[in-house]
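> please work out how this folds:
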Amino acid sequence: HDVTFDDNVVHNCPGAGVVYLQDCSGTCNYRVTNNEVYNATNGGIVVQGSQSTALGVLIEHNYVHDICTGTNNYDAIQLGIGAGAGGFGMSNGVIRQNLVERVASTSNFKPNACSSGDSIDIGSNRNCNSGYLVEDNIIRNAGGAFKVHGPSPDAGCTQANMNGASVPNTIVRYNIIDGQ
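Numbering: from 1, shown residues only. This is a model prediction of the structure:
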């Protein structure tokens, strides 16, 4: 399966702006590029798959802002998250050259906005997953955190079978994070 979501404006959403939840056999490739996603109550760009799914995900050149305008914990960009996205995991994800602004920031766009949404949240705290590249993103005025989850021992992941790494084959570099 190949899915491309390119050059769209998604706004004023009562749920998440862009969501892919796919349990496919074989290889699934998702491209979410050149989009503007804003004023989404339950998250901006959310890509999930089951732990048995081999995925290639590219999230690139998106402008995601004014996210998590509800009262729960929802993130601007989620990729294979644990509890926040149903506990699914995936591998081979690239999050590159996105601009993320005003996530869970009560002072800037809505007085009752949530206080715990994250700018970028990748990995899963429940599955063995790896192969993430997160680079050249700009994050401004975002509450919450920038998260990279490691594989879970509960899912049978150990440092021995994951080549001794807590988050194997994951590179996070050249990102600019400004909390103001």
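> quick check: C68 touching V37?
No. Between C68 and V37 there is no contact under Cβ atoms under 8 Å: 11.9 Å. All C-beta atoms are positioned from the backbone trio N, CA, C, and that covers glycine.
> those two - which one has more neighbours?
Here C68 and V37 are compared on neighbour count by other Cβ atoms under 10 Å; more neighbours surround C68, at 31 against 28.
> next SSE downstream of the lowest-mean-pLDDT helix or strand in the chain?
Least confident element among the helices and strands of the chain, by mean pLDDT, DSSP states H and E: strand 18-22 (a mean of 68). Note on strand 18-22: by DSSP states H and E, the next helix or strand toward the C-terminus is strand 27-33.
> buried residues, that next one. List them.
Under the neighbour-count criterion of 16 or more other Cβ atoms under 10 Å, strand 27-33 has C28, Y30, R31, V32, T33 buried.
> tell me the least confident of those?
Looking at the buried residues of strand 27-33 by pLDDT, the weakest one is C28, with 72.
> how close does that residue get to D7?
Remark: distance between C28 and D7 (Cβ to Cβ, to the nearest Å) = 21 Å.
> try I59
Taken as Cβ to Cβ, the span from I59 to D7 is 14 Å.
> same check, this time on V100
Separation of V100 from D7 (Cβ to Cβ) stands at 18 Å.
> so where is the protein shaky, pLDDT-wise?
The chain contains residues with pLDDT under 70 at 1, 20-27, 49-55, 69-73, 81-91, 105-116, 124-130, 150-168, 180.
> N42 and A76 touch, don't they?
No. Look at N42 against A76 with Cβ under 8 Å: they stay out of range, at 11.5 Å.
> give the residues shared as contacts by the two.
Both N42 and A76 are in contact with C68, where contact means Cβ atoms under 8 Å, 6 or more residues apart in numbering.
> between these two, point out the one with more neighbours.
A76 (34 against 21).
> hang on, the more buried one packs against I67?
Yes. Look at A76 against I67 with Cβ under 8 Å: they come within range, at 4.6 Å.
> pull up the overlap in contacts between these two.
Contacts common to A76 and I67, judged by Cβ under 8 Å, 6+ apart, are G43, G44, V100, V103, G117.
> from those residues, which land in strands?
Members of the shared contacts of A76 and I67 lying in strands (criterion: DSSP state E): V100, V103.
> any idea how far G17 is from the residue nearest to T170 when sequence neighbours are not counted?
Leaving aside its chain neighbours, T170 sits nearest to Y132 (4.4 Å; criterion: Cβ to Cβ, 6 or more residues apart in numbering). For Y132, the distance to G17 (Cβ to Cβ) stands at 21 Å.
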